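A.B. asks: fold the stuff below for me.
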Amino acid sequence: MNTLVRKITGFAAFAAFLVALWLPGLDSMLGFDPYPEPYERRELAKWPGIPRSLDELYAFPVQFESYFNDHFGLRSAFIHMNSLLRVRGLNVSSAKNAMLGKEDWLYLANPEVVDSYRVPRPSDAAQLERWTRTAQQRANWCKKKGVRTLNVWLPEKQTLYPEFLPDWLEPAAPRTNLEVWTRQANKMKLPFLSLAPALRGAKETQLIFYRTDSHWNSYGAYAAYLAIMKRVTEIGVYPHVLGKKELVKKEIVKMGDIAQLLNLEEYYLESRRELRVRQPKAKPVPFQLRGQELPPHAQVQAFAQPDAQLPRIVIFSDSFGYEILPFLVESFSRTVHVRYPHFSPEIILQEKPDIVVELHAARHLEAAGDAGADEQ
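C.D. replies: Residues are numbered from 1 along each chain as shown. Take a look at the predicted model:
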């Protein structure tokens, strides 16, 4: 009996070995991997093709290895199982730029994000002076063109929700970089708005950031929108301000960008009610920069609505602009949204807006003064 059991066990182990050996190859031919390709912020290696010269022949082994590493059979399944084991089994992040928090909260772990919470980067007078000078130059340039400006900054998720951060991450400085910059901007009387007070107030009654995403949700975006509209009105521009009666709550299922980094989207889906405009009037319209090409990496969206009496706006933002945009486009006759890290005088000269708004997260403060306005 023992001999029979050993034979069956040995045969089963041998069969399992053969299956494990051949399954990746079969998947490469048949494509039955049940998991989608993992979310990677890079372009996967492409098939190098048949070498047609001696140089191509020399390069072929390295290129083929890169291609194979990105496309071998059952790659998605192996990555998914590795992520599941590390995150759910060992409570360790499977992505270097994703941080596991408490109660299934997720945070970005990029160095600039962590440092913006722990150590304020704008710590020396020269750097602060450079930022102040750049912001003042942009405001002065726009003023000469008859355009008002507003520089808007928002705190990071970990600053607003530190209670869900892992215990090892504690601020090492008394003030965040946004607080340092706000103090300097107020001292210099710059057209500046920190959204920290508005968002902290909104947090008292609503969840304003997604648990599994690095961005605010529609409640956070709407609180920011109201603060921006209040400040815009104070400086002499009068848009239509959306009231709560013009909004409706809708059920959505959100797949967070940090959950995507972990390749465990199905374990971190968020189902919740979000704010949407009840009867949108603004429509997307084509945009073209006349006489020249758009700057590299610029993503431009334009919207128009029937009420031509409303003011016009150009907004430069990082990815936080997308959630607030549905509210903004209903407040202005024409809205041009530029997803671009730097100020673009060319777009402003073409659009002739009543106001230019720059909206960025605190982690981008270090690059705030990298590009100034051209004197045109």
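A.B. asks: just the strands in this protein please.
C.D. replies: With DSSP state E as the criterion, the chain has strands at 98-100, 106-108, 148-154, 192-194, 247-254, 270-277, 283-285, 299-304, 312-317, 334-339, 355-361.
A.B. asks: rebuild the ones you listed as CSV, extending it with distance to T205, mean neighbour count and mean pLDDT.
C.D. replies: In short, each C-beta sits where N, CA and C put it, glycine included. Formatted as CSV, the strands of the chain follow (distance: least, CB to CB, whole Å; neighbours: other CB atoms under 10 Å; pLDDT from 0 to 100):
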stretch, distance to T205, mean neighbour count, mean pLDDT
strand 98-100, 27, 21, 90
strand 106-108, 23, 25, 92
strand 148-154, 18, 22, 92
strand 192-194, 20, 22, 91
strand 247-254, 14, 13, 90
strand 270-277, 13, 16, 89
strand 283-285, 32, 12, 96
strand 299-304, 29, 17, 93
strand 312-317, 25, 24, 95
strand 334-339, 28, 23, 94
strand 355-361, 23, 23, 93
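A.B. asks: tell me which of the ones you listed lies nearest to W216.
C.D. replies: strand 148-154 (7.6 Å; CB to CB).
A.B. asks: give me the contacts around that closest one.
C.D. replies: Residues from elsewhere that reach strand 148-154 (CB atoms under 8 Å, 6 or more residues apart in numbering): 135, 138-139, 142-143, 178, 181-182, 185, 190-196, 199, 216, 224, 228, 231-232, 235-237, 320, 354-362, 365.
A.B. asks: grab the nearest non-local neighbour of the most centrally placed residue in the chain.
C.D. replies: For the chain, the residue nearest the mean C-alpha position is S319 (4.3 Å; CA atoms, centre = their mean). In this structure, S319 finds its nearest non-sequential neighbour in H215, 6.5 Å apart by CB to CB, 6 or more residues apart in numbering.
A.B. asks: if I look at that neighbour, how far off is I348?
C.D. replies: 26 Å (CB to CB, to the nearest Å).
A.B. asks: between the two, who's got more neighbours?
C.D. replies: Shown here are H215 and I348; by other CB atoms under 10 Å, I348 has more neighbours (23 against 20).
A.B. asks: with just CA atoms, put stretch 49-63 into CSV.
C.D. replies: These are the backbone C-alpha positions of stretch 49-63, laid out as CSV (Å, rounded to 0.1, in the frame of the first residue of the first chain):
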residue,chain,number,x,y,z
GLY,A,49,12.5,41.6,-35.7
ILE,A,50,14.9,39.5,-37.8
PRO,A,51,18.4,40.9,-37.8
ARG,A,52,19.3,42.4,-41.2
SER,A,53,22.9,43.6,-40.4
LEU,A,54,25.8,42.6,-38.3
ASP,A,55,25.0,45.4,-35.8
GLU,A,56,21.4,44.2,-35.5
LEU,A,57,22.7,40.7,-35.0
TYR,A,58,24.9,41.8,-32.1
ALA,A,59,22.0,43.7,-30.5
PHE,A,60,19.5,40.9,-31.0
PRO,A,61,20.2,38.8,-27.9
VAL,A,62,19.7,41.7,-25.5
GLN,A,63,16.6,42.9,-27.4
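A.B. asks: quick one: buried residues of that stretch?
C.D. replies: Buried residues in stretch 49-63, counting neighbours by 16 or more other CB atoms under 10 Å, are found at Q63.
A.B. asks: where does the stretch 1-150 of the chain have low pLDDT?
C.D. replies: Residue ranges of the stretch 1-150 of the chain with pLDDT under 70: 1-2, 5, 7, 10-42, 67-78, 112, 115-127.
A.B. asks: now do the helices in it.
C.D. replies: Secondary structure of the stretch 1-150 of the chain by DSSP state H, counting those that start in this stretch: the helices cover 2-30, 54-71, 75-84, 111-118, 125-144.
A.B. asks: isn't R272 up against K254?
C.D. replies: Yes: with contacts counted by CB atoms under 8 Å, R272 reaches K254, the gap being 7.1 Å.
A.B. asks: tell me, what's touching those two both at once?
C.D. replies: Common neighbours of R272 and K254, counting by CB under 8 Å, 6+ apart, are N217.
A.B. asks: wait, doesn't L264 sit right on S83?
C.D. replies: Yes: between L264 and S83 there is a contact at 5.4 Å, judged by CB under 8 Å.
A.B. asks: tell me, what's touching these two both at once?
C.D. replies: Contact criterion CB under 8 Å, 6+ apart; residues shared by L264 and S83: S94.
A.B. asks: against E234, how distant is the residue nearest to the centre of the chain?
C.D. replies: Look at S319 and E234: by CB to CB, they are 27 Å apart.
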